[in-house]
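Chemist: Show me the folded form of this:
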Amino acid sequence: MTENGRKTFDFYADGYDVALARGISVSGEKKDYFAQRRIEWLRDCLELVSAPVTTLMDFGCGTGSSARLFVDILGVEYFVGTDQSPKSLEVAMRDHGSERAQFFLFDEYQPRGQFDLVFSNGVFHHIPPLDRATAIDYVLRSLRPGGLFAFWENNPWNPGTRYVMSRIPFDRDAVTLSPPEAGKLACNLSRSPICKVTLGKLPTSLDSLVPAFLPKVPVDYMDGTAIKYRPGADGTCTLYSVGEDLKDNGGDTTLPPEKKNFRNLWDRKDFVWPAAALPEEVEAYRKESAKGH
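Modeler: So this is what the prediction gives:
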């Protein structure tokens, strides 16, 4: 989240629920309905993989309104909420703080691999794209070995989502994640090794991630089949879609003879989903960019 984003959420801390309710009122439901159904769905997924959750982090907890649901629905015994907005955390501590529900600024909590599950709902569209790999690293360092990451984001391909977000003042300038971009965070395992936390290695296929990490294998909308995944011998992997010729070229990113625009990834033989930058790559990019100013 940027400094402007922090100030925005500080400003709306006391009126967060009102602003959110105004935005989603077009659905005919209240915010508690969506929050409850989301966590009930998560509970059902956890039961499928026999993964009880007693310790949980809410990454980007805001005003902490989900704390009660984590206890009542998931049976959580100890809960930590982290956020970048001090004013939001003041509300969270006032309304939901207890011995087993604590709240910290991101910088105040040092990850130490203790949580069964990290939950994140509607947070990453407030994180600048170049900072998302760092956020994923924070999440992974907070998980115990075998821990799980429950990742929720608004789908910008849904016109209803875009309309609702336009009605919510703190969501209007958010940089949304498309389903492939969200999948890139979850499936580009060599850079954001979410599945390695549990599996201990790269999966041999995306099918092996169902249902523990994915409800189903994502569709390649170019040809209607499953999105393509190829693990490499060096511990990396490639996630890609076919190009305009609808042929699987094995993740070939070269341009066909008739194409000239290297910047348009869709012009290449296959569209390889870019890897999320590593924290050190982000830092190197920032240093290089600063030389021109």
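
Chemist: Leu69 reaches Ile39, doesn't it?
Modeler: Yes - shown here, Leu69 and Ile39 form a contact pair, counting by C-beta atoms under 8 Å, at 4.8 Å. (Glycine included, C-beta is placed from N, CA and C.)

Chemist: shared neighbours, those two?
Modeler: With contacts taken as C-beta atoms under 8 Å, 6 or more residues apart in numbering, Leu69 and Ile39 have no neighbour in common.

Chemist: Please enumerate the helices of the protein.
Modeler: Using DSSP state H, the helices of the chain run over residues 3-11, 16-24, 31-48, 67-74, 86-96, 132-142, 159-166, 179-187, 194-199, 279-290.

Chemist: Tyr229: which of those helices is closest?
Modeler: Nearest to Tyr229 among the helices of the chain is helix 179-187 (7.2 Å), distances taken as C-beta to C-beta.

Chemist: export the helices of the chain to JSON lines and tack on mean neighbour count?
Modeler: Shown next, in JSON lines, are those (neighbours: other C-beta atoms under 10 Å):
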{"stretch": "helix 3-11", "mean neighbour count": "15"}
{"stretch": "helix 16-24", "mean neighbour count": "17"}
{"stretch": "helix 31-48", "mean neighbour count": "15"}
{"stretch": "helix 67-74", "mean neighbour count": "18"}
{"stretch": "helix 86-96", "mean neighbour count": "18"}
{"stretch": "helix 132-142", "mean neighbour count": "20"}
{"stretch": "helix 159-166", "mean neighbour count": "13"}
{"stretch": "helix 179-187", "mean neighbour count": "19"}
{"stretch": "helix 194-199", "mean neighbour count": "18"}
{"stretch": "helix 279-290", "mean neighbour count": "11"}
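
Chemist: With mean pLDDT added, can I get those helices in CSV?
Modeler: As requested, the helices of the chain are exported to CSV (pLDDT from 0 to 100):
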stretch, mean pLDDT
helix 3-11, 54
helix 16-24, 68
helix 31-48, 87
helix 67-74, 94
helix 86-96, 91
helix 132-142, 87
helix 159-166, 80
helix 179-187, 68
helix 194-199, 52
helix 279-290, 71
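
Chemist: Just put those in a markdown table and tack on distance to Ser205.
Modeler: Below are the helices of the chain laid out as a markdown table (distance: least, C-beta to C-beta, whole Å):
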| stretch | distance to Ser205 |
| --- | --- |
| helix 3-11 | 38 |
| helix 16-24 | 37 |
| helix 31-48 | 19 |
| helix 67-74 | 30 |
| helix 86-96 | 41 |
| helix 132-142 | 22 |
| helix 159-166 | 30 |
| helix 179-187 | 11 |
| helix 194-199 | 12 |
| helix 279-290 | 27 |
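
Chemist: Determine which of these approaches Gly224 most closely.
Modeler: helix 179-187 (14.8 Å).

Chemist: relative to helix 132-142, how tilted is the biggest strand by length in the chain?
Modeler: Longest strand of the chain, by residue count under DSSP state E: strand 143-152. Using axes from the mean of the first three to the mean of the last three C-alpha atoms, to 10 degrees, the direction of strand 143-152 lies 130 degrees away from that of helix 132-142.

Chemist: Identify the residues contacting the spatially closest residue to Asp252 that is not a sequence neighbour.
Modeler: What sits nearest to Asp252 in space, not counting adjacent residues and going by C-beta to C-beta, 6 or more residues apart in numbering, is Lys269, at 4.3 Å. By C-beta under 8 Å, 6+ apart, the contact list for Lys269 reads Gly243, Asp245, Lys247, Asn249, Asp252, Thr253, Thr254, Leu255, Pro256.

Chemist: Quick check on those residues: which are buried?
Modeler: Taking 16 or more other C-beta atoms under 10 Å as the criterion, what is buried in these is Gly243, Asn249.

Chemist: Among the contacts of Lys269, pick out the one closest to Glu99, please.
Modeler: Among the contacts of Lys269, and counting by C-beta to C-beta, the member closest to Glu99 is Thr253, at 53.1 Å.

Chemist: any idea how far the closest one lies from Arg37?
Modeler: Distance of Thr253 to Arg37, given as C-beta to C-beta, to the nearest Å: 40 Å.

Chemist: Ala135 too?
Modeler: Counting by C-beta to C-beta - Ala135 and Arg37 are separated by 25 Å.

Chemist: Strands of the stretch 101-250 of the chain, residue ranges please.
Modeler: For the stretch 101-250 of the chain, strands defined by DSSP state E, counting those that start in this stretch occupy the ranges 101-105, 115-121, 143-152, 228-231, 237-242.
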